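Engineer: The following block contains a protein sequence and its predicted model.
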Amino acid sequence: RWAAADAPDHSEVMHSDDHGASWTTSGTGLPNDIGRMALGVQPDRVDLLYAFAADRDGVLHGLYRLDGPTRPWKRVTGEPDVLPGKQGSYDLAIAVDPSDDATVYLGGDHMGASPWAGSVWRCTIQKNSSGYNVKNFRLIGTHAHADVHVLALTPDDPNELWCGCDGGVFLNRNPQGSGEFAGANNGLACLCSNFIAQHP
């Protein structure tokens, strides 16, 4: 189990090996000036963790990768401008492809240009001499609503990416390719979706 904690003077990531009875700081070297964080992990790879962070003013702080709870955090450089509206204290999401730890999806506030749709990006991560960098990225949120709060892949299916945002729930059935999001709001009584949970 992983958790992001926010104290008055710093933020940190913690983990529990005893189902939440006790918690330990995860990794070393995570910057102190992080505000809000979203965590991304694969269901079957609990030793690998991504932290997607904004600073305390909502500006994009960075993407970080941890390859084991006692190892140092590594900065992933070259990520796209996921937060052009600087709303990271409100809009921040990440999901990791269940079959490929080098494919991550990042969600933020809105596209940086008209029609101001959802800021959802597919990123390919590669290792370099000093850590990691984004090898390439592609905007895939053009048909989702702005202000993305959560991204979740259907368990064991990398071809279904769900998005919860200020416009409700959207589904992309081909996020690895040229798929676009489509609304999945029939039957919902509210449109601001902050969390998605799925039965495996």
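Structural biologist: Arrived safely, thanks for sending.

Engineer: so Ala53 makes contact with His61?
Structural biologist: Yes. Counting by Cβ atoms under 8 Å, Ala53 touches His61, with 4.2 Å between them. Yep, even glycine has a C-beta here, placed from its N, CA and C like the rest.

Engineer: top strand in this protein by residue count?
Structural biologist: In the chain, taking DSSP state E as the definition, the longest strand is strand 45-55.

Engineer: sorry, back to before: mutual contacts of Ala53 and His61, please.
Structural biologist: Shared contacts of Ala53 and His61 (Cβ atoms under 8 Å, 6 or more residues apart in numbering): 34-35, 88.

Engineer: I'd like the next helix or strand past the lowest-mean-pLDDT helix or strand in the chain.
Structural biologist: The least trusted helix or strand in the chain, going by mean pLDDT, DSSP states H and E, turns out to be strand 2-6, with a mean of 62. The element immediately downstream of strand 2-6 (helix or strand, assigned by DSSP states H and E) is strand 11-15.

Engineer: Grab the CA positions of that following strand and hand them over as PDB.
Structural biologist: The C-alpha coordinates for strand 11-15 follow below in PDB (Å, rounded to 0.1, in the frame of the first residue of the first chain):
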ATOM      1  CA  SER A  11       5.200  16.300   1.200                       C
ATOM      2  CA  GLU A  12       6.200  12.700   1.100                       C
ATOM      3  CA  VAL A  13       5.200   9.300  -0.100                       C
ATOM      4  CA  MET A  14       4.800   6.500   2.400                       C
ATOM      5  CA  HIS A  15       4.200   2.700   2.200                       C
END
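
Engineer: Got a quick ChimeraX command for the buried subset of the shared contacts of Ala53 and His61?
Structural biologist: Per 16 or more other Cβ atoms under 10 Å, the buried members of these correspond to this ChimeraX selection:
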select :34,35,88
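
Engineer: Please narrow the shared contacts of Ala53 and His61 to those residing in helices.
Structural biologist: Assignment to helices by DSSP state H places none of these there.

Engineer: If anything else comes up later, I'll come back, but that's it for now.
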